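Trainee: Predicted model and sequence below, questions to follow.
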Amino acid sequence: MAAITLIEAITQALAWEMKHDDSVLVLGEDVGVNGGVFRATAGLQQSFGDSRVLDTPLDETTIAGLTVGLASQGMKPVAEVQFDGFVYPMLDHIVCHAARFRSRTRGRLTCPMVLRVPWGGGIRAPEHHSEANEAMFTNVPGLRVVLPSSPARAYGLLLAAIRDPDPVIYMEPKRIYRQYKEEVPDDGEALPLDVCFTLRDGTDVTLVTWGSQVKECLEAADALAGEGISAEVIDVATLKPLDFDTIAESVGRTGRVVIVHEAPKTAGFGAEIAARVAEECVYDLLAPVERVTGYDTPIPLFRLEMKYLPSVEKIVAAAKRTLAAS
Amino acid sequence: MTTRFDIEYLRVLGPDGRLVGKNPPALAKDTDRLVELYRQMLRVRTFDTKSVALQRTGKLGTYASCLGHEAAHVGIGAAMRPEDVFAPSYREYGAQFMRGVKPREVLMYWGGDERGNDFSGPKHDYPWCVPIGTQCLHAAGAALAFKLRGEKRVGVACVGDGGSSKTDTYAAINSAGAYGAPFVLCIINNQWAISVPRRAQTGAPTLAQKGLAGGLHCLQVDGNDIIAVVAAMEEACERARRGDGGTVLELVTYRLSDHTTADDARRYRPDDEVKAAWEEEPLKRIKAYLVAKKAWNEKKEQAWKAECGATVDEEVNAYLATKVQPIESIFDHLYADMPEDLARQRQQALDWEARR
């Protein structure tokens, strides 16, 4: 078994599911012969034909609307939008229809679709190609919002997302698409949705994060360990619905929490986690909640983007502040 | 330089109830079927009148009347098969009744109850669609699914003259053309998008021609002429089923009512225009035609109206007798499997409702 990157794990999961479920199809701009702008669908049209892998006209509204139509009539479409910054025209269909068909029709019509969104900054991309807009989707009842952070989790969570009977927004941290490889068995085994993954045990402070910042947090935990501070690292993975129990249990033990995300701070998903900590864990806290996030500005063009994004150094500093407070 | 093209206009039955043109479709001779279609149109109008009255007396929420659209709506429903998929906007009750939706379900929807959308009739049909034009892409997506699976089914969407301006409507036309999907778009041009007249929506002389740019067949139809609507719809659906491409039909009609019961059209359109539109309304002409053919008479009319009144009353009573859904229903249909987090909110809602 060869070690593969996160993007290859996505291709592997798509191929597995298309091979085992005839109703699964892939659609988006340039996903066919070209294999997608990030190569996530490389080789799929050659393997499965152009009625399973469909290039769409260049219009995100079209992709979203057709996907809702396909999903509500017995298909399991996996739609790709090329970049996070292009999802905005799709929202009408995602919010008003995909997320609500089941509820609006009392279960008569459903929308088992996946929208794959290459997500976030850090790849020196042009304007509108680097947005962390996950919180927009977490406020929409009826959606699942999933953000994998490793090749193995990308594979297992994408399989779960396609098999889920409800719509899933599957956001892919493009910064780590090719950052490292790991062995991912192509066994069709899905990972559970709606649960956090505790990637490192610790006793002094809990680092809560998702997507590309998982790697940053693990490195921060290494750095903190060097200074005798034991940090637990939780990859939220499914933001909505949130498995808060895992976070609460950890914060109950450590008494300190640092929430890390690259989206802007105000009403970012970290605000929801902080509010839940305040509601359910406030008496366990030994220090105020810390957030390491993007600023409340658009992510800058790439000369400045690394100064905008959370970094190991910023995370270590925030963790130390929680320890200094108690 | 002017780009030239022709959009054909189909009218079979004039406002005076006489046939126009030389080669009427076969349906013009099928008086049995026309009587049935006319009866359906009368039934819809009875229902519509009653629904507006219910709203005025506080027994229904905001309601979108279909007054004047009876031929367009019933004609669409009559040409479709159960296995086709219908994506309405929010006033095409005539088409939906033809497909088995019950009047009580329409009332439940406008009466504030989601169960109206879990209607009788084809389970694959789309619910009423308030976000303008989005349904066009859902029908195009359904049509694409049929094409990919090799099924001889058609995706039909309705949109208004206002909705013909939406990105989604253009996107549906374009993508259905690109995929050669079995898609029929009915642009029901009732001249008014709330207060904005047809001429203010677009500089295009017809709305049907919007299909040209997507490579779809285009036809403008007298939407008050039930014979023309059924003939045009049947041809469009047949062509789609054969795999010969999609169609945009512009059904030209007039909204004789307010936009909804929350609107007052007297604020923005002249009485004379409405008066003139009543001269062209859809029921009168088909009735005159059938009476002249001795297939219908005043006695039959009165008897059928009485029957419509009774069945509509029955539907209204059934609607009024429905119990409000329990609070937990708002949680129970959101996901196939309820997330833990949501289950807790559900319990909180139940606890709150049960408080002493």
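Mentor: Noted; the coordinates are in hand.
Trainee: residue in the stretch 201-350 of chain B nearest to chain A?
Mentor: Residue nearest to chain A within the stretch 201-350 of chain B: B:P339 (3.4 Å; C-beta to the nearest C-beta). For the C-beta atoms, the positions are set from N, CA and C on the backbone; glycine is no exception.
Trainee: That residue is in contact with A:L239, isn't it?
Mentor: No: B:P339 is not in contact with A:L239 according to C-beta atoms under 8 Å; the separation is 11.8 Å.
Trainee: what's the closest non-adjacent residue to whichever residue of the stretch 151-300 of chain A sits closest to chain B?
Mentor: Nearest residue of the stretch 151-300 of chain A to chain B, counting by C-beta to the nearest C-beta: A:P241, 3.4 Å away. The shortest distance from A:P241 to any non-neighbouring residue, by C-beta to C-beta, 6 or more residues apart in numbering or on different chains, is to B:P339 (3.4 Å).
Trainee: sorry, back to before: can you count the residues close to the residue of the stretch 201-350 of chain B closest to chain A?
Mentor: If you count neighbours by other C-beta atoms under 10 Å in any protein chain shown, B:P339 ends up with 20.
Trainee: pretty sure B:E92 contacts B:A64?
Mentor: No: under the criterion of C-beta under 8 Å, B:E92 is not in contact with B:A64, lying 9.8 Å apart.
Trainee: and those two? which has more neighbours close in?
Mentor: Neighbours were counted for B:E92 and for B:A64 using other C-beta under 10 Å; B:E92 has more, 28 against 23.
Trainee: What residues does that one make contact with?
Mentor: The contact partners of B:E92, by C-beta atoms under 8 Å, 6 or more residues apart in numbering or on different chains, come to B:66, B:69, B:73, B:76-77, B:86, B:158, B:188.
Trainee: at 10 Å instead, please
Mentor: Going by C-beta atoms under 10 Å, 6 or more residues apart in numbering or on different chains, B:E92 touches B:44, B:64, B:66, B:69, B:72-74, B:76-77, B:86, B:98-99, B:101, B:128, B:156, B:158, B:186, B:188.
Trainee: and those, which of them are in strands?
Mentor: Judged by DSSP state E, the contacts of B:E92 include B:86, B:156, B:158, B:186, B:188 as members of strands.
Trainee: ok, and for the helix or strand hosting A:R321, which residues are buried?
Mentor: Assigned by DSSP states H and E, A:R321 belongs to helix A:312-324. Going by neighbour count (16 or more other C-beta atoms under 10 Å in any protein chain shown), the buried part of helix A:312-324 is A:312, A:314-316, A:318-320, A:322-323.
Trainee: I'd like to know how many residues surround residue 201.
Mentor: The chain I'm using is chain A. The number of residues packed near A:D201 is 12, by other C-beta under 10 Å.
Trainee: my bad, chain B
Mentor: Neighbour count for B:Q201, taken as other C-beta under 10 Å: 19.
Trainee: about what we covered before: from A:R104, how far off is the residue of the stretch 151-300 of chain A closest to chain B?
Mentor: 19 Å (C-beta to C-beta, to the nearest Å).
Trainee: So if I had to pick from these two, which one is more boxed in?
Mentor: Per other C-beta under 10 Å, whichever of A:P241 and A:R104 has more neighbours is A:R104, with 23 against 20.
Trainee: Next up, phi/psi of that one, please.
Mentor: Backbone geometry at A:R104, expressed as degrees, to the nearest 10, gives phi -60, psi -30.
Trainee: how near is it to chain B?
Mentor: According to C-beta to the nearest C-beta, to the nearest Å, A:R104 and chain B sit 5 Å apart.
Trainee: Please give me every residue in contact with that residue.
Mentor: A:96-97, A:142, B:109, B:114, B:116-118, B:126-129, B:333.
Trainee: In a markdown table: those, plus secondary structure and distance to B:W352.
Mentor: Listed next are the contacts of A:R104 as a markdown table, based on DSSP: H, G, I helix; E, B strand; the rest coil; distance: C-beta to C-beta, whole Å:
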| residue | secondary structure | distance to B:W352 |
| --- | --- | --- |
| A:C96 | helix | 28 |
| A:H97 | helix | 30 |
| A:G142 | coil | 22 |
| B:Y109 | helix | 27 |
| B:E114 | helix | 21 |
| B:G116 | helix | 26 |
| B:N117 | helix | 26 |
| B:D118 | coil | 26 |
| B:Y126 | coil | 34 |
| B:P127 | coil | 29 |
| B:W128 | coil | 30 |
| B:C129 | coil | 33 |
| B:H333 | coil | 20 |
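Trainee: ranges for the helices of the chain?
Mentor: This is for chain A. Ranges of helices in chain A, per DSSP state H, are A:6-20, A:44-48, A:60-71, A:91-93, A:101-104, A:134-138, A:151-163, A:213-226, A:244-254, A:269-280, A:305-308, A:312-324.
Trainee: nope, chain B please
Mentor: Using DSSP H, the helices of chain B run over B:31-56, B:70-79, B:93-98, B:103-110, B:134-149, B:167-179, B:226-242, B:271-279, B:282-292, B:298-321, B:329-332, B:340-353.
Trainee: need the contact list for the residue in chain A that chain B sits nearest to.
Mentor: The nearest approach of chain A to chain B comes at A:G69, 1.7 Å away (C-beta to the nearest C-beta). Taking C-beta under 10 Å, 6+ apart as the contact definition, A:G69 lies against A:75, A:77, A:93, A:97, A:111, B:85, B:87, B:126, B:135-145, B:155, B:157, B:172, B:175, B:181, B:183.
Trainee: Now stretch B:119-135: buried residues?
Mentor: By 16+ other C-beta under 10 Å, the buried positions in stretch B:119-135 come out as B:119, B:121-122, B:124-129, B:132-135.
Trainee: so which of those also contact chain A?
Mentor: Among the buried residues of stretch B:119-135, the ones lying near chain A by C-beta under 10 Å from any C-beta of the partner chain are B:119, B:124-129, B:132-135.
Trainee: Pull the most distant pair out of the ones in strands among the contacts of B:E92.
Mentor: Farthest pair in these (C-beta to C-beta) is B:F86 and B:I188. Separation: 13.3 Å.
Trainee: shared neighbours, these two?
Mentor: Common contacts of B:F86 and B:I188 (C-beta under 10 Å, 6+ apart): B:76, B:92, B:158.
Trainee: Domain ranges for chain B, per the record?
Mentor: As given by automatic domain parsing, the domain ranges for chain B are B:9-325, B:326-356.
Trainee: pretty sure A:G228 contacts A:D204?
Mentor: Yes: taking contacts as C-beta atoms under 10 Å, A:G228 lies within contact range of A:D204: 8.9 Å.
Trainee: So which of these two has more stuff around it?
Mentor: Between A:G228 and A:D204, counting by other C-beta under 10 Å, A:D204 is the more crowded of the two (19 against 7).
Trainee: Can you name the residue of the stretch 51-200 of chain B nearest to chain A?
Mentor: B:G141 (1.7 Å).
Trainee: Just give me the neighbour total for that residue.
Mentor: Using other C-beta under 10 Å, B:G141 has 35 other residues around it.
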